[in-house]
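Participant: Quick one, fold the following:
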Amino acid sequence: MHSVWRVWGAALLLLGSALSAGAQAQEFPNRPVALVIPYPTGGPVDLVGRMLSERLTARLGQPVVVENRGGAGGTIGTQRVAKAPADGHVLLLTAQTPVTIAPLFKPAPPYDARTELLPIARVVSTPVLVLGPGDGPDKDLAALVARAKGSGMDLNYGAPGIGNEMHLIWETLRMSAGIKSTAIPYQGTGPGLIDLTAGRIDVMVTAPASVRNLLADGKLRALAVVSDRRLEELPDVPTVGESGVQLPTIPIPWLGLFAPGGTPAAVAERIYQAVLAVSEEPSYRERMRKFGMDPAVKGLGEFTAEVDLYSKEWSRVVSEGGIDGSQIGR
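Facilitator: Residues are numbered from 1 along each chain as shown. Here you go, the predicted structure:
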């Protein structure tokens with residue numbers, strides 16, 4: 001008899017948990033949702049965030065309000081979400097740096113990205129280009145690598161900040177190709193592109209959308225795309241693999257949506273489904289592609305695995321590349 005009661009008790013507990021999870025999902029959201037962008041207004045993450053928030057408002061039935069919390073390389077806004085109540089009403093839309101890269105350097109950010117952030121969805125991804133001067137000597141990445149190896153020279157690489165995604169992507173390429181370079185730090189992409197077009201540096205890595213006009217005018221040359229396939233808008237530009245550089249992991253920047261760690265699974269699933277529905281809207285997909293972004297969404301477990309993969313890959317690159325965290329301006 002006692003065993004029967006134990007079975008019934010366990011069943012009731014499971015039923016209660018299921019009902020509780022369902023109730024949490026139904027009750028969410030019960031007030032406006034803050035979408036924290038850990039960067040200033042006007043940048044690519046802010047652009048995506050505003051397009052996403054408008055559509056999530058319609059899907060969730062509560063206002064989704066963009067909140068720009070820039071500064072310290074994205075860690076200030078990320079901390080705001082990491083320390084928020086775990087109920088789904090404060091979300092983070094960010095590039096990789098505050099989540100997978102900043103924790104690799106000292107001083108460590110004031111949060112534990114592994115436990116205090118819950119990956120909800122990869123919202124967009126953006127394959128990047130390896131660029132040289134339009135009138136430079138290299139027609140593609142293979143030629144750049146051959147020139148660097150043949151001369152034994154250090155290439156001057158324009159880094160839009162030390163220790164961010166673009167810097168580490170170049171370091172991945174450099175180490176895999178077996179060439180040397182000196183990172184020339186700039187305060188953002190724009191100043192570096194000015195020097196690249198003038199031929200004062202040899203190479204940069206950046207997103208296609210930010211250099212479309214410079215490529216069309218012949219002021220820059222796309223040497224390779226960091227992807228496993230060519231870009232539709234630049235079909236003549238080879239991939240890094242086609243250029244003879246084999247990477248252990250092809251590093252493709254993404255923007256991801258995160259909730260505070262401990263957010264109920266039912267709430268996380270509700271948010272993910274809303275993001276997935278937005279990603280299937282033709283007008284949204286068209287605008288994302290216009291800005292050189294792939295709107296294909298990865299969710300929950302798949303995105304968590306991707307975050308873990310990049311965390312390990314960047315750790316390897318930082319260690320093997322001897323990248324000095326004291327140079328990072330947060």
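Participant: isn't residue 132 right up against residue 219?
Facilitator: No. Look at residue 132 against residue 219 with CB atoms under 8 Å: they stay out of range, at 10.9 Å. The way it works is simple: take the backbone N, C-alpha and C, and place the C-beta from them, glycine included.
Participant: And these two? Which one has more around it.
Facilitator: residue 132 (25 against 16; other CB atoms under 10 Å).
Participant: What strands line up against the host helix or strand of that one, and which way round?
Facilitator: Using DSSP states H and E, residue 132 sits in strand 128-133. Here strand 128-133 is paired, per DSSP bridges, with strand 203-206 (antiparallel), strand 220-226 (antiparallel).
Participant: what ranges do the strands span in the stretch 51-200 of the chain?
Facilitator: 64-68, 90-94, 117-125, 128-133, 154-159, 180-185 (DSSP state E, counting those that start in this stretch).
Participant: Can you tell me what sits against the last one?
Facilitator: The contact list for strand 180-185 (CB atoms under 8 Å, 6 or more residues apart in numbering) reads 148, 152-159, 161-162, 167, 170, 174, 192, 195, 201-203, 327.
Participant: how about a cut-off of 6 Å?
Facilitator: 154-159, 162, 174, 201 (CB atoms under 6 Å, 6 or more residues apart in numbering).
Participant: can you pick the most crowded of those?
Facilitator: So for the contacts of strand 180-185 (other CB under 10 Å), the most neighbours sit at residue 158, 26 neighbours.
Participant: Mind listing the residues bridging to that one?
Facilitator: The bridge-partner assignment for residue 158, based on DSSP bridges, gives residue 184, residue 204.
Participant: ok, back up a step: mind putting the strands of the stretch 51-200 of the chain into JSON lines with mean pLDDT?
Facilitator: Output for the strands of the stretch 51-200 of the chain, formatted as JSON lines (pLDDT from 0 to 100):
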{"stretch": "strand 64-68", "mean pLDDT": "98"}
{"stretch": "strand 90-94", "mean pLDDT": "99"}
{"stretch": "strand 117-125", "mean pLDDT": "98"}
{"stretch": "strand 128-133", "mean pLDDT": "97"}
{"stretch": "strand 154-159", "mean pLDDT": "96"}
{"stretch": "strand 180-185", "mean pLDDT": "94"}
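Participant: Since that was my last question, I'll sign off now.
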